[in-house]
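In: Predicted model follows, preceded by the sequence.
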Amino acid sequence: MNNQLIQKLFLKLQEETPLIHHITNNVTINDCANATLAIGGSPVMAATMAEADEMASQSDALVINFGTINDQMFEAMVIAAKAANHKGIPVIFDPVGVGATKYRTEKAVEFIQTIQVSIIRGNASEVYSLMGKRAKTRGVDTGEIDMTAIDLAKEAAQHFNAIIVISGRLDVIANENSIVQIDNGDVLLTRVTGTGCMTASLIASFAAVADDWYYAAIAGMATMSLAGELAGQKLSDSEGMGTFRIKLMDEISKMNAATWIEGVNLNEA
Amino acid sequence: MNNQLIQKLFLKLQEETPLIHHITNNVTINDCANATLAIGGSPVMAATMAEADEMASQSDALVINFGTINDQMFEAMVIAAKAANHKGIPVIFDPVGVGATKYRTEKAVEFIQTIQVSIIRGNASEVYSLMGKRAKTRGVDTGEIDMTAIDLAKEAAQHFNAIIVISGRLDVIANENSIVQIDNGDVLLTRVTGTGCMTASLIASFAAVADDWYYAAIAGMATMSLAGELAGQKLSDSEGMGTFRIKLMDEISKMNAATWIEGVNLNEA
Amino acid sequence: MNNQLIQKLFLKLQEETPLIHHITNNVTINDCANATLAIGGSPVMAATMAEADEMASQSDALVINFGTINDQMFEAMVIAAKAANHKGIPVIFDPVGVGATKYRTEKAVEFIQTIQVSIIRGNASEVYSLMGKRAKTRGVDTGEIDMTAIDLAKEAAQHFNAIIVISGRLDVIANENSIVQIDNGDVLLTRVTGTGCMTASLIASFAAVADDWYYAAIAGMATMSLAGELAGQKLSDSEGMGTFRIKLMDEISKMNAATWIEGVNLNEA
């Protein structure tokens, strides 16, 4: 990913303020709205079937997050995502907790069979479960799986014909032809809720203005990991997780192409 | 608005801790509860039909916010608002995103035809859409309209027999006879979610203890814009939107009559 | 409560990262997730009936919070709590606003008659209302009752065969045989939403790893009150409620056995 490309993505975000529609969980919905604003998008979070088509049709990207999925929310998600597919805008799917319960896994598989998802963002065990494999997922944590994140991302990219983003100590982003790893982040990112969900919002914001969604996925994932790293560096010993969360949002809102290029450690995997 | 009046409003808020019932969206509901507490009210946020009447009947003001409206929430809103009308407490209506979808606009028009709304707080295109005019609203952002906020506020105040609060670079507050502008604020207020929703909570808190709700609307709107201005002044270059949000809540909680009188720029429009 | 016991609780929390399932209100759900993470648990917040049994069955504790109770949420709560009873994990019940409306009180009584609740955490008027007595509850605030918190806790512990935690200026924790008071805290804890809800999450996290849930209740309640006290001490005059909330979460995340033993004022009542 060359420097001109990331500069162009930040510039277009600033110029276009894309509308990022979310149908998402009620735990981190505020974080997602603020992360979208922080990076330069405009969030909208309507969740009823009655306006799902119309709201998605005027948006520039759609985020679907399974964190607190239920039947009604699922119906709205399918309607919104069909409208997004029809309009040709990116659909970012965050299969939170998939693998933890039968209901969640079945709904996720149904979703991905009904909709052409553009980008899937999850942890390794969620993506693994989405492929019909059995991971030991516990709640919404990462469970253990029997393959590397790199192999999983490659296989999933082929299987779903989608861009795959797997968050972890090293983040992995793959499409059908390419794969990269990001070596940024801070362990504290695992101790606040919503960092995964917010990553999907960042990816969606970049995807809304990108020609190639693969680079948008890299841009968004790396923005979160680098922001977490910078926030961690600025945290003093007298501060804790409350302050880390605030500094994380500070760093997202201050992120620009120069900081990104300077800080992101991106490697071919 | 003379100084004695604003002093009295802050004093009564402190003495009475009014109960402010909200039926509101799940994006900024936590912000609204904390803003209500910060200014001196006591928030309650029940949303089921089963207790809408009883909860509204024991409250001192009611906030109705359309951010994530759906059919069930709408039914609870109507029941609660009828109880509020019956009891004679102020109903503050925040038509978030009205104009963006047909569903949202129809429900808002139905609400305003069923309920005597006391105060309407929105951005210009939301209020414009509520009057049956067609604005280009995109998501929950302000769209373009063909009249000034001042003319719109005057017309809407007559049309709805209500107090109108239009947030913007200059905030406008009108009733059927008077209109004022507030020249405070900070552009960063547009880069965090929930500042409009929290404004409605502040207005409701003042209205719950006010003899004339027009002055409560001015007091609440100016509190938000001044708090945003003060928060912006105290933000250093190394800080970003996470810290701005925290400083905004700090300033709301520290607001008092002296700070308000010193800082608010209020002009006849 | 001796020092070895509290040391063991913190150690086991760190070693086991227990899964704490919540079915809770949409006002403070994010705060509860972050508080759980801050103390060392892993939160999960699914709320649909379709997975209530399966999610509770893989958890280590269950928090049931009535803040924004409705019929659908209640059904999921009962299913999840039956699974928790069956598995033998602790059920922490937070009867938010019970006494304020007939609906809320009836549902709470139904819940407590159906489920063996392990720990009840509320303010005095909520616990009083739960016993079928009539308190003047207004919204979600504490109302006036005609007995002391100590007498109420003792009576409720017998009546419900459960551990009772009553938050207040002095917190009271009782089981059928013992009762203690905690003399920590800060009045600012009453001016942010969610401190009660987060206390239930802290108690649940300790209970998930405790042999005796009575000591877990003391550990969790005292963690919140001490964290509030420490946050208040570190708040400067130029700061307000926004910063207090952040410092509160900081202190929860930095809490350990040494700080707890040093700071908590625990007395036999």
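Out: It's in.
In: Just the CA atoms of the helix or strand containing A:Ser201, as PDB, please.
Out: Using DSSP states H and E, A:Ser201 maps to helix A:195-207. Only the C-alpha atoms of helix A:195-207 are listed here, as PDB (Å, rounded to 0.1, in the frame of the first residue of the first chain):
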ATOM      1  CA  THR A 195     -12.600  -1.800  19.700                       C
ATOM      2  CA  GLY A 196     -13.500  -4.400  17.200                       C
ATOM      3  CA  CYS A 197     -16.900  -2.800  16.400                       C
ATOM      4  CA  MET A 198     -15.200   0.600  16.000                       C
ATOM      5  CA  THR A 199     -12.700  -0.900  13.600                       C
ATOM      6  CA  ALA A 200     -15.600  -2.000  11.400                       C
ATOM      7  CA  SER A 201     -16.800   1.600  11.400                       C
ATOM      8  CA  LEU A 202     -13.400   2.900  10.400                       C
ATOM      9  CA  ILE A 203     -13.000   0.400   7.600                       C
ATOM     10  CA  ALA A 204     -16.500   1.300   6.400                       C
ATOM     11  CA  SER A 205     -15.600   5.000   6.400                       C
ATOM     12  CA  PHE A 206     -12.600   4.400   4.200                       C
ATOM     13  CA  ALA A 207     -14.400   1.900   2.000                       C
END
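In: does A:His22 really touch A:Ser42, like I thought?
Out: No - in terms of Cβ atoms under 8 Å, A:His22 does not count as a neighbour of A:Ser42; the distance is 11.3 Å. Using the backbone N, CA and C atoms, a C-beta is placed for each residue, glycine as well.
In: Who has more neighbours out of these two?
Out: Ranked by neighbour count (other Cβ atoms under 10 Å in any protein chain shown), A:His22 and A:Ser42 place A:His22 first, with 28 against 23.
In: ok, back up a step: for A:His22 and A:Ser42, list the residues in contact with both.
Out: Both A:His22 and A:Ser42 are in contact with A:Thr36, where contact means Cβ atoms under 8 Å, 6 or more residues apart in numbering or on different chains.
In: ranges for the helices of the stretch 101-250 of chain A?
Out: Applying DSSP state H, counting those that start in this stretch to the stretch 101-250 of chain A gives helices spanning A:102-114, A:124-130, A:149-160, A:195-207, A:213-233, A:241-254.
In: packing partners for the helix holding A:Ser201?
Out: Applying 3 or more Cβ pairs under 8 Å, 6 or more residues apart in numbering or on different chains; DSSP states H and E, one finds that helix A:195-207 makes contact with helix A:3-16, strand A:19-23, helix A:29-39, strand A:61-65, strand A:91-94, strand A:119-122, helix A:213-233, helix A:241-254.
In: now for the fifth one, which elements pack on it?
Out: Other helices and strands packing on strand A:91-94, by 3+ Cβ pairs under 8 Å, 6+ apart, are strand A:61-65, helix A:71-87, strand A:119-122, helix A:195-207.
In: Need these in JSON lines (columns: mean neighbour count, distance to C:Arg191 and mean pLDDT).
Out: Below are those laid out as JSON lines (neighbours: other Cβ atoms under 10 Å in any protein chain shown; distance: least, Cβ to Cβ, whole Å; pLDDT from 0 to 100):
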{"stretch": "strand A:61-65", "mean neighbour count": "29", "distance to C:Arg191": "32", "mean pLDDT": "98"}
{"stretch": "helix A:71-87", "mean neighbour count": "19", "distance to C:Arg191": "33", "mean pLDDT": "98"}
{"stretch": "strand A:119-122", "mean neighbour count": "28", "distance to C:Arg191": "37", "mean pLDDT": "98"}
{"stretch": "helix A:195-207", "mean neighbour count": "29", "distance to C:Arg191": "28", "mean pLDDT": "98"}
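In: Can you tell me which residues in the stretch 151-269 of chain A are near chain C?
Out: Contact residues (Cβ under 8 Å from any Cβ of the partner chain) of the stretch 151-269 of chain A with chain C: A:Arg191, A:Val192, A:Thr193, A:Gly194, A:Ser238, A:Glu239, A:Gly240, A:Met241, A:Gly242, A:Thr243, A:Arg245, A:Ile246.
In: export the residues you listed to TSV and tack on neighbour count and distance to C:Ala35?
Out: Rendered in TSV, the data for those read as follows (neighbours: other Cβ atoms under 10 Å in any protein chain shown; distance: Cβ to Cβ, whole Å):
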residue	neighbour count	distance to C:Ala35
A:Arg191	17	11
A:Val192	24	11
A:Thr193	26	10
A:Gly194	24	14
A:Ser238	10	19
A:Glu239	17	16
A:Gly240	24	12
A:Met241	23	9
A:Gly242	26	10
A:Thr243	23	15
A:Arg245	23	12
A:Ile246	25	16
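In: For B:Asp151, see how far away A:Ser125 is.
Out: For A:Ser125, the distance to B:Asp151 (Cβ to Cβ, to the nearest Å) stands at 58 Å.
In: got the contact list for the closest residue to A:Glu16 other than its chain neighbours?
Out: Leaving aside its sequence neighbours, A:Glu16 sits nearest to A:Val209 (Cβ to Cβ, 6 or more residues apart in numbering or on different chains; 5.4 Å). Applying Cβ under 8 Å, 6+ apart, we find A:Val209 in contact with A:Leu9, A:Lys12, A:Leu13, A:Glu16, A:Pro18, A:Asp60, A:Ala216.
In: Give me the below-cutoff pLDDT ranges for the stretch 101-250 of chain A.
Out: Within the stretch 101-250 of chain A, the ranges that satisfy pLDDT under 70 run A:136-137, A:139-142.
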